[in-house]
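K.L.:
need coordinates for the following:
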Amino acid sequence: MVTTRRGRPTQAEAEALNLRVRQAAVDAFLESGYAGTSMDAIARAAGITRKTLYARYPDKHALFVDVIPWALTRVGDDDSFEFSRTDDAEADLVAFGRQAIKRVTNPQNLQLKHIAMLESAQFPEFSVAADSMMWAARQRAATDLLRHHEANGNIAVDDVELAAEHFLALIESMPGRLAEFGIFRSKRQEERHLREAVRLFLRGTEPR
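P.N.:
Model prediction:
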């Protein structure tokens, strides 16, 4: 009987393994915190050996530094800001706002942010970057959306990126702050907040 020696993993296999390791680490940190998580536990959860894990990360500190920003900046398929843009600025901004609020109030995202802040003494970069890491994807998406409606003459702003910051602050700040304290408003209340925020923004950016 001839056995075939398995060669090096393909790029797709390597990427799949990296994703599995990262997700296993994030799940472990969410469940047990940084101090309560061991490299052995992460290796078992990922279905790999300690040797394989240590070949990728020299220690838990390096693993944490890699996976927390990755998790904070990740946008899942069900939470994407990709949607069809129309000529109706209000409808588009409301649709965008619903997704943005969903992300900023997502319990896992809130927990990840909490862990990053909690461990900021050991990881000082997280104390400054946790908010910005979660903000960046929404900022880019909001800027692109406003740029689309500015080009179509639906809004008029001097600085699109700054306008995107103001728009995000208007729709997200209160829901996000309440969620950090475990307070979640009803869908009806959230929709009322969102639509009024969009109307205020559009009044301020209406072409003169």
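
K.L.:
and residue 51, how many neighbours?
P.N.:
Using other C-beta atoms under 10 Å, the number of residues around residue 51 comes to 8. Glycine gets a C-beta too; all of them are placed from N, C-alpha and C.

K.L.:
could you point out which element follows the helix or strand hosting it?
P.N.:
Assigned by DSSP states H and E, residue 51 belongs to helix 50-56. Next helix or strand after helix 50-56 toward the C-terminus (DSSP H and E): helix 60-73.

K.L.:
what mean pLDDT does the next helix or strand after that following helix get?
P.N.:
Remark: after helix 60-73, the chain's next helix or strand is helix 89-104, criterion DSSP H and E. Helix 89-104 shows a mean pLDDT of 93.

K.L.:
can you tell me how far residue 96 is from residue 186?
P.N.:
Per C-beta to C-beta, to the nearest Å, residue 96 is found 21 Å from residue 186.

K.L.:
the two: which has the busier surroundings?
P.N.:
The neighbour comparison of residue 96 against residue 186 (other C-beta under 10 Å) goes to residue 96, with 24 against 8.

K.L.:
need the pLDDT of residue 57.
P.N.:
95.

K.L.:
burial count for it?
P.N.:
Residue 57 has 18 neighbours, counted by other C-beta under 10 Å.

K.L.:
for it, what are its contacts?
P.N.:
With contacts defined as C-beta atoms under 8 Å, 6 or more residues apart in numbering, the neighbours of residue 57 are 39, 63, 66.

K.L.:
out of these, which are buried?
P.N.:
When the contacts of residue 57 are checked for burial by 16 or more other C-beta atoms under 10 Å, the buried set is 39, 63, 66.

K.L.:
quick check: what element follows the helix or strand residue 149 falls within along the chain?
P.N.:
In this structure, residue 149 is located in helix 124-151 according to DSSP H and E. Going down the chain from helix 124-151, the next helix or strand is helix 160-180, by DSSP H and E.

K.L.:
quick one: distance of that following helix to the chain centre.
P.N.:
Mean C-alpha position of helix 160-180 versus that of the full chain (C-alpha atoms, centre = their mean, to the nearest Å) differs by 14 Å.

K.L.:
likewise stretch 89-106?
P.N.:
That offset, for stretch 89-106, works out to 14 Å (C-alpha atoms, centre = their mean).

K.L.:
who touches that stretch?
P.N.:
Outside stretch 89-106, the residues touching it (C-beta under 8 Å, 6+ apart) are 75, 79-81, 83, 85-86, 109, 134, 138, 141-142, 145, 148-149, 154-155, 167-168, 171-172, 175-176, 179, 184, 190, 194-195, 197-199, 201-202.
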